[in-house]
Structures are given as structure tokens and as C-alpha cells.
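K.L.:
Give me coordinates for this.
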Amino acid sequence: MSSIPRMDPLHSGAPSGVRHHLRVLRRRRGVLVLGVLATLVPAVVFSLLKDPVYQAEAEMLVRSSPIDETIGATAGIDNPERTAENVIRVLQGRAVNQRVADRFGLDGEAPAVSGVPDGNADVIKVRIETGDADHAAALADAYVEAYIAHQREAAVARIDEASEQLRLQIAELGERIDEVDADLANRAATREAEISELRSQVRDLESQRTVAQIRLGELDGQTDLSITEVAERRELAATVGDLDGQIADLEARISDVNLEDDSTLERSRQTLFDQESEFIQRLDELQVESALTTGGAELLTPAEVPAAPASPKPINAAVLAIIAGLLLGAIAAFVLEYLDDSILGPADLAKLGDAPAMLAAVPDETPPDARPISLSTPDSFVVEAYRTLRTNVQFIGIERDMQVIQVTSAVPGEGKSTTAANLAAVLSQTGRTVVLVDADLRKPTVHRAFGVARTYGLTTNLAGEILDLTLQRTSDGPDVLVAGPIPPNPSELLSSHQMGALVNELRTRYDYIVIDAAPVLAVSDALALAQFVDGVLVVVQSNHTSVPRVRNALEALDQVSAPVVGLVLNRVDPRKADLEAYQYGSTYGEVYGAEKSQPPARVPR
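P.N.:
The predicted model follows:
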């Protein structure tokens, strides 16, 4: 089973949730500031340059007019919202606008008006915005008055129209009443003529009956009647009886004619009279309403002259601009975060997939001098990160040999030399014998870090010189083997058997050999040297090195079977890289670092 720890994608410490988003925003706070400035400056400038606009508001009470009920124009009265909407449309209509424009002598249209129901739909807030405060208040009142006048005229016009309709209906009812009266008169005249004719016939029959009765009386006065007279008497008696019957029939007919019923026509006539009276009453009401109508509205609260402009409001504009800028900046920050492929913290190392684990994350701090910070400021919290690296290296060394440690990076400038020097320093502080070898034969820096000469060094040994001539001791740190003169063929020298022999000789003298090697992607020196070491540490600079570059470097090392044991995240900003532990580590180093400021004595071999 391999002793090299690997990056676990499921437990990589990848931050998530609100806290991670807040850290992203904090890390990209410059983008937030730019977003705020990009919206705030134009908003404030626009607010300051914009002409002030004043808003005046008058309140208008709207109520249904009695005329509407009189003529039946009550559509929408039961729906207050619809009523308010209709009032606002009329208020904003061309007719009312023209009245206001005429009142103020404006050539074009008057400033636009807006109406807003005030909770209770019977009250409408009439608002005007214009560049003059006094003019705004006057316009608001003028709109209310123009609306009232327009509605009054419209009401009067409706009254006149309704009155004309009523007059037409009254005239029609009068004609129908005259027709009924004429019908009744005709019926009465017909009855009188018929009764007169019947009475004339009765008189004729009575005359005939009287003549017959006189003759019958004469015959009844005679005692000895002849047969002819008896027959005549019998005939006269029959005639009188017949005449009595005819007279009775005519009297009955006269009685029937007198009793003929005109009640239907009379009821019809009365109904027409009632309708005519009702219409006349409604006409009178319309005439009264025409004189008293107010247009169904009144000015409830006159507009006051505004003391301050309604717009622009620089403070409000600034607040809104700041909010918008923060939103835009946040979006830009997250987009940049998504597009940024540089490694900031442990979470970004997880993007490498099955990569070696991170052995340490070193915060960014400038040492007080050119020496390694582990020697110049041993109580610094940064040194705690190097001690963590030392501990992890020692743990790995429990299961496998970790005597020769190569420190490299993907590209130049990631702090590999600083890491190598400090790792060698903290290893030497445990009492072990340690040597730091500067194998970066392109840009050697170890000699400057420890203030020693570079006249003789690694290249001198590879040329055949003995180690005792080139090894240099330091007072409080590891021994140092500097690069020596820069050769024309570094890769060939580092891959030579002389280099292997040198490393083997160093193994016999020291507990740990830390080798500072050139960057992997820049030159092949680190790949050539990897065959002689027990473990390779790859230094990655936070917020500098991209994931693809680190992946390419690891793949190059893997191709030569280099024993990569872990990654070191260097120059980390704990606030940007989600490293909460270093906030504690800082305090820890300040409190307890003094205990480690004095290196222990070397343990003799």
C-alpha cells in the first residue's frame, strides 16, 4: 500500500455555501468596488446635473351625482375600482388637458397629470410634476377644477338630452290621451244617437197603442157588438199586446245602451295620465339638477407648494446605485471566480483530481531580512506552516525513506527556493543533520539566502572536487551546498552518475538532504534529478499558478516516475484561500513561538 497521501476529492475541504460565497466576495472586493463606482458615479453626476422636478398633489373627492340616478347612468357605480379608473382616464384625457392649457395660456399641451386612488376609491390624489414648485401646485388644483368643469358640462349635456327625451315621451303620451278621449267621445255620441232613435220608435209605438186602446175602449162601451166588431175588438186587443211587447223591448234596449262599459278605456286613459305626470315630474327634477349640478366631484384638499424637489434625489439615487453596483459587482466577482483557474487554496487543489495531498499552506509574509524566516523570525506564525510541512514529511518517512527531498515547482517565481530553505531550517531545528543543496543551476538563490559565497559548490563537486571543500556551515541553520559556477549543461550534469554518487555520499553524512531544483515546466533539470531523490515536493504559489500548469508539471514528473509526495501551497492569503486555521495559527505562533525560537542541539549520529 502506497504511503504517499493523495488528494481526496470528497474530503478536500472545498468550501461551499454562504460562507464560501462571502469569502469570494471578500476576495474579489476590488470588483465590488469597481461595480459600485461604475454605477454610483454616473448616478450621482446625473442627479446633480438633472433639473429639479417638483411634485404637487391635490385631493379630489369623487361621488355619484343624483343626475346619474335620475337618468339611470349608474353603470360601474357598484365597482369602486372601475369608477376610480374611469375618473383617472377622464382626468388624463385630452379635453381636461386642453382646459388646463387654455387656462394657463399654453400653446401646446399642459404637463401630464397622474391620478392615484387613496385607499378609499372615493378620493383621488391628483399629482403634477414640473420644474416650478408654484406652478406645480397651481396645475394640480387647475386639473381638479378642469375635471369638475368638464364633468359638469357633460352632466348638463346629459340632462339636456334626457330632458328632450322626456319631452318627446310626454308629447307622445298627450297624443295617446287625446286619442283615448276622442274614442270615448265617439262612443258617447254613438250611444246618444242610438238611444234617440230607440226613443223615437218607442214614441211611434206608443202612439199606435193609444189609438188602438181608444178604439178598443169604444168597442168595450158598446153592449151589442156585431160579428165584425167582435173580430175588430179581438184584433185590437192583440195589437195592443204586441205593441206593449215591442215598447218593452225598446225600453230594454235603451237601458242596455245606457249601461255599455267604457271602464277599459277609462283605465287606459288614467294610466296614460299617470305616466305623463311621472315624466313631467322627472323633467322638473332634471331642470333643477341642471341648475345645481357640480360635476360629481369637488376639490377636497388643495395642493401645497412643495418645499423640496421630488427628483432628482442624490441620496436615493446613490443608495440605489450602490445596491445595483453591488449586485453587478457580485455577479462579476462570481463570474471571474468561475473563470479564474489559478489556485488560491486547498479547495482549488481538489481540481487537480487524483493529485498528491497538500502537506502545508504557507501564508504570505515578508521576512525582515534575506535569511529564511524560520531563522530570522522563528516565532512567526508563518514558521508554523513550515513546521507543519516538516511534521508531514516526517510522517511520510515512517513508512518510506524520505532522506533526500527535492523541492520544485511548475513555473518560476512560486517560492520553491524559499520553501526549500525554510524546510531545511525547521528540519535542522529538530536536532537532525541537514544539508540544503542548491540544484537550481539556472537561477541559484541559496547563497543569497544564507549569505555565503557561490565560488565553489555543486558544480565544483560534479567536476571532481571533494565535498569538504564546498560544504558550508551556518551558525543556526542547516549546512549549505550552493550551486557553484553556472554550467552550460545543467540537465546533463544533474542526470550524470557523478550527481548520483554525490547524493549517495550526502546520504552517509546527513539525516536529511533538501535539494532546491529548477521549475519542472521551464527546464528538464528537476526531471533529470528526480531519479536520485526519495520524495519530491511541488510548490504552488497561491493566486498565481493555474490548475493546468500544476497538472502538466505533475504529469511530467509522473512520466519519469518521480516520487511526488505532496504539494505545498505557498504565499497564501488566508482571507482569500478559506484558511481559517491560520487566523488561529497567527495567534498560536505569537504566543508559543518563543518556545521554538532557540533550536535544539543537533542529535549526534
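K.L.:
neighbouring contacts of stretch 116-135?
P.N.:
Among residues not part of stretch 116-135, those counted as contacts by Cβ atoms under 8 Å, 6 or more residues apart in numbering are 51-63, 80-81, 83-84, 87-88, 91, 111-115, 136, 139-140, 143-144, 147, 300, 303, 305-307, 309-311. C-beta coordinates here come from the backbone N, C-alpha and C atoms, glycine included.
K.L.:
Please apply the same query to stretch 228-246.
P.N.:
By Cβ under 8 Å, 6+ apart, the residues outside stretch 228-246 that reach it are 205, 206, 208, 209, 212, 213, 215, 216, 219, 220, 222, 225.
K.L.:
what about the second one, distance to residue 313?
P.N.:
To residue 313, residue 206 is 115 Å away according to Cβ to Cβ, to the nearest Å.
K.L.:
before we move on, back to that, could you turn the buried ones of the contacts of stretch 228-246 into a ChimeraX selection?
P.N.:
This is the ChimeraX syntax for the buried subset of the contacts of stretch 228-246, where burial follows 16 or more other Cβ atoms under 10 Å:
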select :205,208,209,212,215,216,219
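K.L.:
By pLDDT, give me the weakest of the contacts of stretch 228-246.
P.N.:
By predicted confidence (pLDDT), the lowest-ranked of the contacts of stretch 228-246 is residue 225, with 77.
K.L.:
And what about that one, helix, strand or coil?
P.N.:
Taken by DSSP: H, G, I helix; E, B strand; the rest coil, the conformation at residue 225 corresponds to coil.
K.L.:
So it versus residue 205, what's the distance?
P.N.:
In this structure, residue 225 and residue 205 are separated by 27 Å, where distance is defined by Cβ to Cβ.
K.L.:
Save the contacts of stretch 228-246 as TSV, and put in secondary structure and distance to residue 370 too.
P.N.:
Conversion of the contacts of stretch 228-246 to TSV gives the following (DSSP: H, G, I helix; E, B strand; the rest coil; distance: Cβ to Cβ, whole Å):
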residue	secondary structure	distance to residue 370
205	helix	167
206	helix	168
208	helix	172
209	helix	172
212	helix	177
213	helix	177
215	helix	183
216	helix	181
219	helix	186
220	helix	185
222	coil	192
225	coil	191
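K.L.:
Just put the contacts of stretch 228-246 in a markdown table and tack on distance to residue 503.
P.N.:
Putting the contacts of stretch 228-246 into a markdown table (distance: Cβ to Cβ, whole Å) gives the following:
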| residue | distance to residue 503 |
| --- | --- |
| 205 | 173 |
| 206 | 176 |
| 208 | 179 |
| 209 | 179 |
| 212 | 183 |
| 213 | 184 |
| 215 | 189 |
| 216 | 187 |
| 219 | 193 |
| 220 | 192 |
| 222 | 198 |
| 225 | 197 |
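K.L.:
quick check, nearest of the contacts of stretch 228-246 to residue 249?
P.N.:
Set against residue 249, the nearest of the contacts of stretch 228-246 by Cβ to Cβ is residue 205 (9.6 Å).
K.L.:
ok, that closest one - contacts?
P.N.:
243, 246, 247, 250.
K.L.:
Leaving out the residues flanking it, which one is nearest to residue 275?
P.N.:
The spatially closest residue to residue 275, leaving aside those adjacent along the chain, is residue 173, at 5.5 Å (Cβ to Cβ, 6 or more residues apart in numbering).
K.L.:
Next up, identify which helix or strand the one you found is on.
P.N.:
Residue 173 is part of helix 133-221, with elements assigned from DSSP states H and E.
K.L.:
how far does that helix sit from the chain's center?
P.N.:
Relative to the chain's own centre, helix 133-221 is displaced by 73 Å; criterion: Cα atoms, centre = their mean, to the nearest Å.
K.L.:
Also stretch 236-243?
P.N.:
Shown here is stretch 236-243, whose average C-alpha point lies 117 Å from the average C-alpha point of the whole chain (Cα atoms, centre = their mean).
K.L.:
Please apply the same query to stretch 85-92.
P.N.:
Remark: stretch 85-92 is offset 30 Å from the chain centroid, using Cα atoms, centre = their mean.
K.L.:
and that stretch, average pLDDT?
P.N.:
Here the mean pLDDT over stretch 85-92 is 87, rounded to a whole number.
K.L.:
How about stretch 410-423?
P.N.:
93.
K.L.:
Over to stretch 386-395?
P.N.:
94.
K.L.:
tell me which residues of that stretch are tucked away?
P.N.:
Within stretch 386-395, the residues that qualify as buried are 386, 387, 388, 389, 390, 392, 393, counting by 16+ other Cβ under 10 Å.
K.L.:
Would you list the phi and psi of residue 312?
P.N.:
The phi/psi pair for residue 312 (degrees, to the nearest 10) reads phi -80, psi 160.
K.L.:
Apart from its neighbours in sequence, what residue is nearest it?
P.N.:
residue 47 (3.8 Å).
K.L.:
and the gap between the one you found and residue 35?
P.N.:
Per Cβ to Cβ, residue 47 is found 19 Å from residue 35.
K.L.:
quick one: which of those two has more around it?
P.N.:
residue 35 (22 against 17; other Cβ atoms under 10 Å).
K.L.:
ok, the more buried one - contacts?
P.N.:
Neighbour list for residue 35: 325, 326, 327, 328, 329, 330, 332 [criterion: Cβ under 8 Å, 6+ apart].
K.L.:
Filter those down to the ones in strands?
P.N.:
Judged by DSSP state E, strands contain none of the contacts of residue 35.
K.L.:
In TSV, list those along with pLDDT.
P.N.:
Below are these laid out as TSV (pLDDT from 0 to 100):
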residue	pLDDT
325	86
326	88
327	90
328	89
329	83
330	84
332	84
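K.L.:
Would you mind giving me the ChimeraX syntax to select the buried ones in those residues?
P.N.:
Buried residues within those, as defined by 16+ other Cβ under 10 Å, are selected in ChimeraX through the command that follows:
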select :325,326,328,329,330,332
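K.L.:
coming back round to it: residue 374: which of the contacts of stretch 228-246 is nearest?
P.N.:
Taking the contacts of stretch 228-246 together and measuring to residue 374 by Cβ to Cβ, the closest member is residue 205, at 163.5 Å.
K.L.:
And that closest one, how far from residue 336?
P.N.:
Here residue 205 is placed at a distance of 133 Å from residue 336 (Cβ to Cβ).
K.L.:
Might you report the residue contacts of the residue nearest to residue 312?
P.N.:
Taking Cβ under 8 Å, 6+ apart, one finds 312, 313, 314, 317, 318 in contact with residue 47.
K.L.:
Buried residues, the helix or strand hosting the fourth one. List them.
P.N.:
With the criterion set as DSSP H and E, the secondary-structure element containing residue 317 is helix 314-339. Neighbour counts over helix 314-339 (16+ other Cβ under 10 Å) mark 314, 317-318, 321-322, 324-326, 328-330, 332-333, 337 as buried.
K.L.:
wait, doesn't residue 499 sit right on residue 461?
P.N.:
No. Between residue 499 and residue 461 there is no contact under Cβ atoms under 8 Å: 9.0 Å.
K.L.:
Which one's more surrounded, the two?
P.N.:
Each of residue 499 and residue 461 had its neighbours counted (other Cβ under 10 Å), and the higher figure belongs to residue 461 (23 against 20).
K.L.:
Can you classify the more buried one by secondary structure?
P.N.:
With three-state DSSP as the criterion, residue 461 reads helix.
K.L.:
Now do the helices in the stretch 1-150 of the chain.
P.N.:
In the stretch 1-150 of the chain, helices defined by DSSP state H, counting those that start in this stretch lie at 17-27, 29-49, 66-71, 80-91, 94-104, 133-221, listed in chain order.
K.L.:
ok, the contacts of stretch 228-246 vs residue 572, which is closest?
P.N.:
The nearest one, if we look at these relative to residue 572 and count by Cβ to Cβ, is residue 205, at 147.5 Å.
K.L.:
ok, now how distant is that closest one from residue 46?
P.N.:
119 Å.
K.L.:
swap in residue 553?
P.N.:
Residue 553 is 51 Å from residue 46, where distance means Cβ to Cβ.
K.L.:
Looking at this protein, which residue reaches furthest from the middle?
P.N.:
Distance to the chain centre peaks in the chain at residue 224, reaching 138.8 Å (criterion: Cα atoms, centre = their mean).
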